[in-house]
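Colleague: predicted coordinates and the sequence they were generated for:
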Amino acid sequence: MRASRALAVTATAFAAVGLAAPMAVATNGPVNVAVNPQSVHQGGTLKVTAQGCGHGGKVWSNAFPTTGLSAGDGTNYAHARVRNNTTPGQYHLSVKCSDNDRIATHKFTVLAGNGAQGGLGGSMGPSSVEMQVGGGLVAAAAVGGAVFLVRRRRTSHAAF
């Protein structure tokens, strides 16, 4: 009797887990879609966030190519780069989860021009004038160091 009772309890537990698993995997589709920044210059990058796409998905618009949406519980995100030749104006983007046919949309604005070129710091090389000044400083340091060593050597030999 004990074996049959244990078997019945085990079968019930497996049935409960088996029936709950499809409900845990299924999603209701993308919700709470947001775009940051709301207005972006031509060639700029948008961060699109959405919730409800546990298995990832895709984001697309006329302003940028189709981009993958990250997978995972909680907030899903994608980074989309607006094309350089996109006409300024209002655009819609669409978000679709991989495991659901529901599509959510959101508006954003494309602004004319490339915007500020701030933050280029290390990505730009030095100009030829900067290279010449730097080379001159290195040469002056080398000559100064050589003169210091020669004078130091002479004074140390003269003491003996």
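Modeller: Thanks, I have it. Residues are numbered from 1 along each chain as shown.

Colleague: for this protein, what spans make up the strands?
Modeller: Assigned by DSSP state E, the chain shows strands spanning 31-36, 39-41, 45-51, 57-61, 67-69, 75-81, 89-97, 103-111.

Colleague: dump the residue contacts of Pro126.
Modeller: Gly134 (Cβ atoms under 8 Å, 6 or more residues apart in numbering). Using the backbone N, CA and C atoms, a C-beta is placed for each residue, glycine as well.

Colleague: mind listing what Pro65 touches?
Modeller: Contacts of Pro65 (Cβ under 8 Å, 6+ apart): 80, 83.

Colleague: gap between it and Val110?
Modeller: The gap separating Pro65 from Val110 is 14 Å, by Cβ to Cβ, to the nearest Å.

Colleague: again, but for Arg102
Modeller: Arg102 is 26 Å from Val110, where distance means Cβ to Cβ.

Colleague: give me the neighbour count for the nearest residue to Asp99 once chain neighbours are set aside.
Modeller: Residue nearest to Asp99 in three dimensions, not counting chain neighbours: His55, with 4.7 Å by Cβ to Cβ, 6 or more residues apart in numbering. His55 is flanked by 14 other residues according to other Cβ atoms under 10 Å.

Colleague: isn't His55 right next to Cys97, touching?
Modeller: Yes. The pair His55 / Cys97 is scored as a contact, 6.9 Å apart, by Cβ atoms under 8 Å.

Colleague: identify the residue nearest the geometric centre of the chain.
Modeller: For the chain, His79 is the residue whose C-alpha lies nearest the centre (Cα atoms, centre = their mean; 5.8 Å).

Colleague: got the contact list for it?
Modeller: Shown in contact with His79 (Cβ under 8 Å, 6+ apart): 45-48, 67.

Colleague: report the mean per-residue pLDDT for stretch 129-137.
Modeller: Mean pLDDT, computed over stretch 129-137, is 88.

Colleague: alpha carbons of it, as PDB, please.
Modeller: Only the C-alpha atoms of stretch 129-137 are listed here, as PDB (Å, rounded to 0.1, in the frame of the first residue of the first chain):
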ATOM      1  CA  VAL A 129      51.100  69.600 -35.600                       C
ATOM      2  CA  GLU A 130      50.500  67.800 -32.400                       C
ATOM      3  CA  MET A 131      52.800  65.000 -33.600                       C
ATOM      4  CA  GLN A 132      55.600  67.500 -34.400                       C
ATOM      5  CA  VAL A 133      55.300  69.200 -31.000                       C
ATOM      6  CA  GLY A 134      55.400  65.900 -29.200                       C
ATOM      7  CA  GLY A 135      58.400  64.800 -31.200                       C
ATOM      8  CA  GLY A 136      60.200  68.000 -30.400                       C
ATOM      9  CA  LEU A 137      59.500  67.600 -26.700                       C
END
